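Visitor: Show me the folded form of this:
(2 chains)
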Amino acid sequence: MFRAPRGTQDILPEDQDYWSFVRSKAAEICQLYQYSRIDTPILEQTELFLRSVGDTTDIAEKQMYTFQDRGGDQITLRPEGTAPVCRAYIEHGMQDWPQPVRLYYIGPIFRYERPQKGRLRQHHQFGVEAIGDPSAEFDLQVITLARRFYDSLGLKELTLQLNSIGCRVCRPAYVRGVQEYYASRVEGLCADCKGRLSRSPLRLLDCKDPSCQAAINEAPRILGHLCHDCAKHLEFLQDGLGKQRVVFQMNPYLVRGLDYYTRTVFEFQPSDVGGQSAIGGGGRYDDLIEQLGGKPTPGVGFATGLERVILNMKNQGIPADVGVTPKVWIASADAEGRRMAPVEAKKYQDAKISTAYASGSLSLRSQLGRADSSGANIVVVIGANELASGTRTIRFMDTGEQIQIAEASTIDTLKEELKRFQKGGGIGRGGAA
RNA sequence: GUGGGCGUAGCCCAGAGGUUUAAGGCGCCAGGUUGUGGCCCUGGAGACCGAGGGUUCGAAUCCCUCCGUCCACCCCA
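Guide: Alright, predicted model coming up:
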């Protein structure tokens, strides 16, 4: 028997309300902040990610789905969303658009990982990027947009962790400082950290192994070694968050798994989840576009995992607030009605009324049963009686009331009666908390 | 990549070597109403007991391997 590949999943009808709710909130908030949608291919040249994400990161070293296509090109299923957007920015000359270019995307992301709850090989991310402006206003905008997204879904208890990891002016000296500090302490470190010392020194500070904690506590902290511009940038952001009452915690050990970040990095973390530490995160990437072959162009962005968003909504008992379209079902009472039911359905569908029917070969009882279990609001019964008298019988499934009306007025009557079953949708309702 | 738990119908699961032709609940289908749903009653379909191998007179039950899944670590969204 075939199954979905390991770490992938079908999103079944029962979950689609959550997905459309979350997606519509994302789109709604991006519209509010004037971010435009972009869709990039799921496939990119492998080199794009090696140059952006960093070829010594976990993602590049062991998590990418990479293959050679039939033409001999090295192709990778995108393991993150920022690099493709930057590639598109360069490719389509967006440096000549008004800056910053503000874009958002929603789509699948692929990483070869050991699956767990909230950790999949194919998951979906919603992300935003503001490219082309170095100012901290946009760090602020991206973070507050993210916060508003979570708030609008009703998610509680997400802590915002913030750090600055400096820039190319101040970081190299700091990294050397860390390396020098650790040089005399190699003995006590865990095996992973011994490897990190030369390859990704900043990750040393992020180690969870107990044997490394003592060394971390006394290690030099980046926040004390930022250059003037980085310090000012951070201060502006902190001040802005404070003015907007966005609560955050400085976390000097926050280091993200992608090499392209400069200055601001941040993560949103659920309070009580084990395996999945972050629900979303992002940061500034002032050198990335240049690394990808574009003109030096700064940028800042955020991305969040939709599976984790939905998981957290369910954990917190938050329902998906989506619109419900009232439904009509047609039931045929006999052979004559059975012939007319599909014709009748088409008339309603032409009039934009959501209409379905069960097989007329079933007893009327069964047809009504199916209408009921599918959530029909109104059932139209059609049979020899109705056809002979030029009428339709309409039954209200909530009350069991039934009325007979002239055939000619059926559509108008249905439209009128269905209004009371209309439920508002996610868009424009509820609003941001 | 490391360590551990678990795999019995679509779903939740009983079952601990021989009263098993594998039980129950949900769901599904039909009938009880010859033109009428939800509740109730009756009946039915649906399981090569994850796969392969082994031990045994006998395996869903014990052992091994593989696969899947879940949890923790790691990493991240």
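Visitor: The stretch 101-250 of chain A: strands as residue ranges?
Guide: Secondary structure of the stretch 101-250 of chain A by DSSP state E, counting those that start in this stretch: the strands cover A:101-110, A:122-131, A:158-164, A:249-250.
Visitor: OK, contacts around residue A:156?
Guide: residue A:316 (CB atoms under 8 Å, 6 or more residues apart in numbering). Bear in mind the C-beta positions are built from the backbone N, C-alpha and C, glycine included.
Visitor: Let me fix that, I meant to ask about residue A:19.
Guide: Residues in contact with residue A:19, defined by CB under 8 Å, 6+ apart, are A:11, A:306, A:310.
Visitor: Where neighbours are concerned, which of those residues has the most?
Guide: With neighbours defined as other CB atoms under 10 Å, the most crowded of the contacts of residue A:19 is residue A:306; it has 23 neighbours.
Visitor: Now do the closest residue to that one other than its chain neighbours against RNA strand B, distance only.
Guide: With sequence-adjacent residues excluded and distances taken as CB to CB, 6 or more residues apart in numbering, residue A:306 is closest to residue A:124, at 4.3 Å. Distance, residue A:124 to RNA strand B, using CB to the nearest atom of the strand, to the nearest Å: 8 Å.
Visitor: And RNA strand B, is stretch A:49-60 touching that?
Guide: Yes - part of stretch A:49-60 sits close enough to RNA strand B to count as contact by CB under 7 Å from any atom of the strand, namely A:57-59.
Visitor: is it possible to export the residues you listed to TSV including neighbour count, secondary structure and pLDDT?
Guide: Compiled in TSV, those are given as follows (neighbours: other CB atoms under 10 Å; DSSP: H, G, I helix; E, B strand; the rest coil; pLDDT from 0 to 100):
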residue	neighbour count	secondary structure	pLDDT
A:57	23	coil	79
A:58	16	helix	80
A:59	21	helix	83
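Visitor: in the one helix or strand in chain A whose mean pLDDT sits lowest, what's buried?
Guide: Of all regular secondary-structure elements in chain A, judged by mean pLDDT, DSSP states H and E, the least confident is helix A:191-199 with a mean of 73. Neighbour-count burial for helix A:191-199, counted by 16 or more other CB atoms under 10 Å, picks out A:193, A:196-197.
Visitor: cool, and stretch A:227-235?
Guide: Neighbour counts over stretch A:227-235 (16+ other CB under 10 Å) mark A:227, A:230-231, A:233-234 as buried.
Visitor: Pull that stretch out as PDB, backbone CA atoms only.
Guide: Presented in PDB, the C-alpha positions along stretch A:227-235 are these (Å, rounded to 0.1, in the frame of the first residue of the first chain):
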ATOM      1  CA  CYS A 227      29.900  48.600  16.900                       C
ATOM      2  CA  HIS A 228      28.300  52.100  17.200                       C
ATOM      3  CA  ASP A 229      26.000  51.700  14.200                       C
ATOM      4  CA  CYS A 230      24.800  48.200  15.300                       C
ATOM      5  CA  ALA A 231      24.200  49.400  18.900                       C
ATOM      6  CA  LYS A 232      22.200  52.400  17.600                       C
ATOM      7  CA  HIS A 233      20.200  50.200  15.300                       C
ATOM      8  CA  LEU A 234      19.300  47.900  18.200                       C
ATOM      9  CA  GLU A 235      18.400  50.700  20.400                       C
END
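Visitor: For it, give the mean pLDDT please.
Guide: Computed over stretch A:227-235, the mean pLDDT rounds to 96.
Visitor: Same question for stretch A:411-425.
Guide: Stretch A:411-425 comes out with an average pLDDT of 87.
Visitor: Then stretch A:398-406?
Guide: Taken as a whole, stretch A:398-406 has an average pLDDT of 94.
Visitor: Out of the buried residues of stretch A:227-235, list just those in helices.
Guide: With helices taken from DSSP state H, the overlap with the buried residues of stretch A:227-235 comprises A:230-231, A:233-234.
Visitor: Looking at those residues, which two lie furthest apart in space?
Guide: Taking CB to CB, the two most distant members of these are A:231 and A:233; they sit 7.2 Å apart.
Visitor: Give me every residue in the stretch 201-350 of chain A lying close to RNA strand B.
Guide: For the stretch 201-350 of chain A, the contact set with RNA strand B under CB under 7 Å from any atom of the strand comprises A:203, A:206-209, A:255-258, A:267-268, A:274-281, A:303-305, A:307-308, A:333-334.
Visitor: Looking at those residues, which are in helices?
Guide: Using DSSP H, the subset of those located in helices is A:307-308.
Visitor: Indicate whether the biggest helix by length in chain A makes contact with RNA strand B.
Guide: Of all the segments assigned as helix in chain A under DSSP H, the longest by residue count is helix A:13-32. No - contact of helix A:13-32 with RNA strand B is not found when judged by CB under 7 Å from any atom of the strand; the minimum separation is 11.0 Å.
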